[in-house]
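Asks: How does the following fold in three dimensions:
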Amino acid sequence: MKNPNINYPFEIRPLSEDEGGGYSIAFPDLPGCWSDGATPEDAIDNGRDALRSWLTVAEEFGDDVPRPFSSVSGRFVQRVPRSLHAQLIAQAKAEGVSLNTLVVSLVAQGIGMRQASGQVRRRLRTPSSGRRRRRR
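Replies: So this is what the prediction gives:
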């Protein structure tokens with residue numbers, strides 16, 4: 001295999017008891033590349049094996065291998081209230097940075113704080129979880 005140390009983004013989520021429990025790991029850039037394990041660490045270890053196997057088989061068959069992070073562009077557009085936009089511009093100016101730099105740093109800081117406090121929880125969307133109940 002040409003690039004055994006390529007790092008692909010992955011997603012880990014807890015599996016429900018109906019799904020067998022434990023944790024699932026998936027690689028969004030590589031269709032069908034996923035694994036699971038009893039703990040997040042087990043899922044990551046098993047995911048490494050699944051990643052190596054996926055890349056090896058793709059290479060053997062001459063399939064195109066997507067580059068890491070090919071499923072994301074690094075760009076998103078978000079609308080905010082004008083008052084918040086004005087506050088962000090003022091804060092960026094006060095710190096001597098661009099609005100883009102300020103927003104990226106605030107988002108990264110917020111994600112880091114949530115992850116450190118254990119507030120980030122992923123939830124599998126099932127067909128029934130996306131339905132809204134009618135109010136009567």
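Asks: so residue 22 makes contact with residue 46?
Replies: No. Residue 22 is not in contact with residue 46 according to C-beta atoms under 8 Å; the separation is 9.9 Å. For the C-beta atoms, the positions are set from N, CA and C on the backbone; glycine is no exception.
Asks: residues bridging contact with the two, i.e. touching both?
Replies: Taking C-beta atoms under 8 Å, 6 or more residues apart in numbering as the contact rule, residue 22 and residue 46 both touch 36, 37.
Asks: Those two - which one has more neighbours?
Replies: Per other C-beta atoms under 10 Å, whichever of residue 22 and residue 46 has more neighbours is residue 46, with 19 against 16.
Asks: Could you check the pLDDT of that one?
Replies: The score at residue 46 is 95. That number is its pLDDT.
Asks: Test for you: state the pLDDT assigned to residue 100.
Replies: 90.
Asks: Next, the buried residues of whichever strand or helix holds it.
Replies: Using DSSP states H and E, the element containing residue 100 is helix 99-117. By 16 or more other C-beta atoms under 10 Å, the buried positions in helix 99-117 come out as 102, 103.
Asks: Let me see the ranges of the strands in this structure.
Replies: Secondary structure of the chain (DSSP state E): strands at 11-14, 23-26, 34-37.
Asks: Just list what the longest helix belonging to the chain packs against, helices and strands only.
Replies: Longest helix in the chain, counting residues (DSSP state H): helix 40-60. Other helices and strands packing on helix 40-60, by 3 or more C-beta pairs under 8 Å, 6 or more residues apart in numbering; DSSP states H and E, are strand 11-14, strand 23-26, strand 34-37.
Asks: Parallel or antiparallel, list what pairs with the first one.
Replies: It refers to strand 11-14. strand 23-26 (antiparallel) (DSSP bridges).
Asks: residues in contact with the partner strand?
Replies: Contacts for strand 23-26 (C-beta under 8 Å, 6+ apart): 10-15, 33-40, 42-44, 46-47, 50.
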